[in-house]
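> sequence and predicted structure below; questions after.
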Amino acid sequence: MRSHGVFVRALGLALGLACACKSEPSLTLVAAASASAGSVPVDHLAPGELLEGKAKVFGLVLPRVMRIDAAFGDVVYASGQVPPDSVAKYVRARVREGKMIEGDFAHYGTTTFEHVKIPEMPDKDFAIIIRPAAEGVGITKLEVRDVTAPQAPALPSDDARWKNAGLGPNGRILDPTHLQ
């Protein structure tokens, strides 16, 4: 790769010497060749790549262009003016395990991540839904829901399990005033 750059510079110098009356074009040629020979700077984003923001949802850092609209105990809603496929790529890179069901965003479908793990909360399962807000609006909606199954209490005996369910040993109701 290095020898290629030296060759291009030498070629530019030779052209410049051959045409002494017009030295500016050879300088332009060398500068253009040097710029194309180099790689893309590290600080540039790939097409559709999103930057991390400061907002976190269950340990998942949201893209910088998204904001939290509503948050409840087990679900958070966010939105932003960004293509839904960019958000799907962003989320895919930050979750583990689970299953992704990819939607057709051109027809206002949704992409769903089922039973995925967020590295900061590996003992929980999450469902993440990404969808366009409405036709022609250009806003993407994001829903992150904690779908972890509740743990059953560790009860030592059958009698304790019956009592926890509100029943006696023969299956009779212990307190008829508290029926569910």
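That came in fine, so what should we check first?
> okay, CA-based contacts and neighbour counts for the rest of this
OK.
> show me the contacts for E102.
The neighbours of E102, taking C-alpha atoms under 8 Å, 6 or more residues apart in numbering as the test, are T110, T111, T112.
> any of the residues you listed buried? List them.
Of all the contacts of E102 considered here, the ones buried according to neighbour count by 16 or more other C-alpha atoms under 10 Å are T110, T111, T112.
> now pLDDT and distance to R131 too, for the contacts of E102, in a markdown table please.
Supplementary listing: the contacts of E102 in a markdown table, determined by pLDDT from 0 to 100; distance: C-alpha to C-alpha, whole Å:
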| residue | pLDDT | distance to R131 |
| --- | --- | --- |
| T110 | 84 | 5 |
| T111 | 86 | 7 |
| T112 | 88 | 9 |
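> against V61, how distant is A88?
As for A88, its distance to V61 is 14 Å (criterion: C-alpha to C-alpha, to the nearest Å).
> which of the two has more residues huddled nearby?
Higher neighbour count among A88 and V61: A88, with 22 against 17, using other C-alpha atoms under 10 Å.
> what about E49, which SS state?
coil (DSSP: H, G, I helix; E, B strand; the rest coil).
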